[in-house]
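> next input, structure requested:
(chains A and B)
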Number of protein chains: 2
Amino acid sequence: MGRQTRGVVEAARLRHMSDTPDSAVRQYIEQHRAAFLDDLADWLRIPSVSAQPEHDADVRRSADWLAAKLTETGFPVAEVWPTPGAPAVFAEWPAEDPDAPVVLVYGHHDVQPAARADGWHTDPFEPETVGGRLYARGAADDKGQVFFHTLGVRAHLAATGRSAPAVHLKLLVEGEEESGSPHFRALVEANAERLRADAVIVSDTGMWSETTPTVCTGMRGLADCEIELSGPGQDIHSGSFGGAVPNPATVAARLVAALHDEDERVTVPGFYDGVSPLGDEERALFAELPFDEKEWLATAQSHGTLGERGFSTLERIWARPTAEVNGIGGGYQGPGGKTIIPSSASLKLSFRLVAGQDPGAIEAALSQWVAQRVPDGIRYSLTFGAATRPCLTPLDHPALRSVVRSMSRAFDGRKILFTREGGSGPAADLQDVLGAPVLFLGISVPSDGWHAPNEKVELDLLFKGVETAAYLWDDLAASLR
Amino acid sequence: MGRQTRGVVEAARLRHMSDTPDSAVRQYIEQHRAAFLDDLADWLRIPSVSAQPEHDADVRRSADWLAAKLTETGFPVAEVWPTPGAPAVFAEWPAEDPDAPVVLVYGHHDVQPAARADGWHTDPFEPETVGGRLYARGAADDKGQVFFHTLGVRAHLAATGRSAPAVHLKLLVEGEEESGSPHFRALVEANAERLRADAVIVSDTGMWSETTPTVCTGMRGLADCEIELSGPGQDIHSGSFGGAVPNPATVAARLVAALHDEDERVTVPGFYDGVSPLGDEERALFAELPFDEKEWLATAQSHGTLGERGFSTLERIWARPTAEVNGIGGGYQGPGGKTIIPSSASLKLSFRLVAGQDPGAIEAALSQWVAQRVPDGIRYSLTFGAATRPCLTPLDHPALRSVVRSMSRAFDGRKILFTREGGSGPAADLQDVLGAPVLFLGISVPSDGWHAPNEKVELDLLFKGVETAAYLWDDLAASLR
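Presented below is the predicted three-dimensional model:
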């Protein structure tokens, strides 16, 4: 395609974008609302619990159901992709324009375990709608948020008169997210060509609250390690030897204590190298969020806050790298006392990483730091787990602006604020392997009860998700050019 | 008794002391050697394992056997003293002189568990003599060392022509030492009047080695505590909350790390208050011991030494107070990683104390120190175990000189060096409750295998113990005046 043709297409696309009749989208959604909810309920009835082997067949049935539904939605390609564990679903709907940007939507079709006995008021796998809320395991995490894309793309076509989406649309819906995505990266790597995209839309997160629509701009990465320290060949008498030989539990504790300085900054040399600073604009936008620290502490079940000096609680969990001890053990832990010097001790440490940090460099720095701190007479091993990179899309990224604009239209022109996600997820694998920016489009809210009894989705927000998805493809087609 | 009479008795006593014919003692011992060993073997055949309930009757039988044997030895009083656990044996042999000093000998008649399957070459409860060594559980710890006093006192009488010992001799042989002496202090307190003594001789320790006879001059005390730290109400997600709330495992580690400074000195304010300094003479005498650090490390099964700057390994374990972590635990300790902030963590700390330190003051200082170090948002409880006081007899104490002189005579005039015991024991209860100095007379050597398979006693040393005991009462009668 020549430059001139491209310009004409571009102009047509921009017209489409600005012309997309919001009322037509809303009307289409309203007309198909009942059928959409019936379909979603059918899917929610399949107990696709990836962590429980007795539900293996259900997870496969869930994948088959989704692939069939995506075919019915209009996707020319809808495949079940096997993995050594639970299958994923891949679907693809090329744009009319072969040069249209490619967008990959990510979600998952497996769910957390659920049983009436855990405190559910209804059967977790028999969806019920009460007061504008749809209760079922997976209603928010993540079937509801995957499924809004099916009605979204239909509304997009209906309102614009297109026969194919404005972008080359791909979907990858994995089946092992609730089990830690053990085969996801390999699946993405093996299918990198077919998954190639200019942007990734992750629909597996949420918004600040029912009344504060937000877009998430990134997730922290993760590096973790286990340190095994061994001292005496067996536990030895603290009377006969105490005060004269190195104690591996003391060494473990000293490592943990040395990890932070008095400002709760991580002391490992080079740890902050390359850290993407938090801009004034984003700090100001974070500060606009109606954050209630008391409420947040209640959610954390903590009795106080503590973190890096100079940053707020939200900044600490979203935008700053951290070091935490996840487990420590050594010596006698039973009732009463035992006067021994333990033979061994162990530590599990994890590091949340932010944009600009390289897990490999962090691991190398940590290895050196530990080596310098373990005294003679203590032997140790240091083992790293698989690291996850951080991902972050700058506030001014054109694709992010598209998501924000589309969401704002769905929310009647309201200002969209920004959040980040403190955790780490398979989104980073897509960013890594495909080299595409990752954007987050989620409409779930903290009260939805992910992983908890009585999970639900707010129907009003679910349809805002449908509507956002209906506006998004036109907008992205333009911004990603 | 008037001053003059006293002087006459004193003179007679001093004559007795200096005149005690060593050859008569040796001859008596030689004549009774076989019978003594037969009797000891009978006692060793009783498996008086206090830690194993199936041996409860054996422990009682052992007490009965000993009381009968002490009566046979000549003790006018020999009683079995019940406790809520295993019984002790008390015996008493008043001196002819009602003003003679009172000496209480301490030992125990219970033994560690033992089974062929643990690696014994012979039946642990069927004594066998091989190459001058008597193998049996309890041969050294502690039946052999209690029993040498029976022949010792007979030799003392025979050689001096007395019909009663030169001191008012008492014996207390407990039955729960290997189970931590749970009822010992209460027993001593309840019988403080009958146990009253001017000096306590503990025969439950050892010497440096076969070729280096030594006297132990003290034991370290012990204070211990458990600290439970609680943070979030349950384990929480380190992605969602990491870096923003206090982590109880981190706090536990920081407490442990803060316990020592860079010189490995304990940092708790006031910890060293009152510590009895190690004198130049004792340091010099310690340094005369043929200490082989490599060998010591092999015993400790440690790969290196570490301790308070400015002190040697022996000084560190014998004469300096210490702080050790005996156990630490918090968060996830299973295989692999788990990205949580633990809900709780716990610490077990113990402190070895030396003469001059008061366990109550140490506990108060530690309580304050912990309170200042636990941050907002972490709740904790601090529980102290029962403390044991340190005991130490100065090198120039007259009673200690008596022990040294008696031992030197038994060892053909050899120089006796000094050790201390790094551990803590019920001897401190005797010192505390009775207000008497504690002296140690033991002939066991490190190779005797206390608590291990193939426990033995060197017969040559066992009879040196008999001989030392035979000389001791005259010498003490003079020095304690």
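> now do the contacts for residue A:363.
Shown here is residue A:363, whose contacts under the criterion C-beta atoms under 8 Å, 6 or more residues apart in numbering or on different chains are A:223, A:225, A:384, A:387. For the C-beta atoms, the positions are set from N, CA and C on the backbone; glycine is no exception.
> next one: residue A:439
Residues in contact with residue A:439, defined by C-beta under 8 Å, 6+ apart, are A:199, A:200, A:201, A:202, A:215, A:393, A:399, A:400, A:403.
> tell me where the stretch 151-300 of chain A has helices.
Counting by DSSP state H, counting those that start in this stretch, the stretch 151-300 of chain A has helices at residues A:184-190, A:192-195, A:238-241, A:248-258, A:280-288, A:293-300.
> now the first one, how far from the centre of its chain.
It stands for helix A:184-190. In terms of C-alpha atoms, centre = their mean, to the nearest Å, the centre of helix A:184-190 is set 17 Å apart from its chain centre.
> just checking, what packs against it?
Packed against helix A:184-190 by the contact rule (3 or more C-beta pairs under 8 Å, 6 or more residues apart in numbering or on different chains; DSSP states H and E) you find strand A:168-174, helix A:427-434.
> hey, least reliable of these by pLDDT?
When these are compared on average pLDDT, helix A:427-434 comes out lowest at a mean of 92.
> tell me the helices and strands packed up against it.
Counting contacts by 3+ C-beta pairs under 8 Å, 6+ apart, helix A:427-434 packs against strand A:102-108, helix A:184-190, helix A:192-195, strand A:199-202, strand A:391-392, strand A:438-440.
> now with 6 Å?
If contacts are counted by 3 or more C-beta pairs under 6 Å, 6 or more residues apart in numbering or on different chains; DSSP states H and E, helix A:427-434 sits against helix A:184-190, strand A:391-392.
> residue of the stretch 201-350 of chain A nearest chain B, please.
With distances taken as C-beta to the nearest C-beta, the stretch 201-350 of chain A approaches chain B most closely at residue A:304, which sits 2.1 Å away.
> coming back round to it: now mean neighbour count too, for the helices and strands packed on helix A:184-190, in a markdown table please.
Compiled in a markdown table, the helices and strands packed on helix A:184-190 are given as follows (neighbours: other C-beta atoms under 10 Å in any protein chain shown):
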| stretch | mean neighbour count |
| --- | --- |
| strand A:168-174 | 26 |
| helix A:427-434 | 21 |
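> now the closest residue to residue A:291 other than its chain neighbours. Its backbone dihedrals?
On the basis of C-beta to C-beta, 6 or more residues apart in numbering or on different chains, the spatially nearest residue to residue A:291 that is not a chain neighbour turns out to be residue A:314, at 5.9 Å. When quoted as degrees, to the nearest 10, the phi and psi of residue A:314 stand at phi -60, psi -40.
> hang on, residue A:314 packs against residue A:286?
Yes: checked against C-beta atoms under 6 Å, the pair residue A:314 and residue A:286 is within contact range at 5.2 Å.
> per-domain residue ranges of chain A.
Structural domains assigned to chain A are A:3-219+A:390-479, A:221-275+A:321-384, following automatic domain parsing.
> so what touches stretch A:112-128?
Judged by C-beta atoms under 6 Å, 6 or more residues apart in numbering or on different chains, the contacts made with stretch A:112-128 from elsewhere in the structure are A:41, A:44-45, A:47, A:49, A:51-52, A:134-137, A:178, A:451, A:453-454.
> show me which of those residues is closest to residue A:263.
Proximity of the contacts of stretch A:112-128 to residue A:263 (C-beta to C-beta) peaks at residue A:451, which lies at 33.4 Å.
> before we move on, the earlier item: filter the contacts of residue A:363 down to the buried ones, PyMOL style.
Selecting the buried subset of the contacts of residue A:363 in PyMOL, with 16 or more other C-beta atoms under 10 Å in any protein chain shown as the burial test, is done by:
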select buried, chain A and resi 223+225+384+387
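> gap between the helix of greatest length in chain A and the chain center?
Across chain A, the helix with the greatest residue count (assigned by DSSP state H) is helix A:22-44. Distance of helix A:22-44 from its chain centroid, counting by C-alpha atoms, centre = their mean, is 26 Å.
> check stretch A:205-216 too.
So, by C-alpha atoms, centre = their mean, the centroid of stretch A:205-216 is 14 Å from its chain's centroid.
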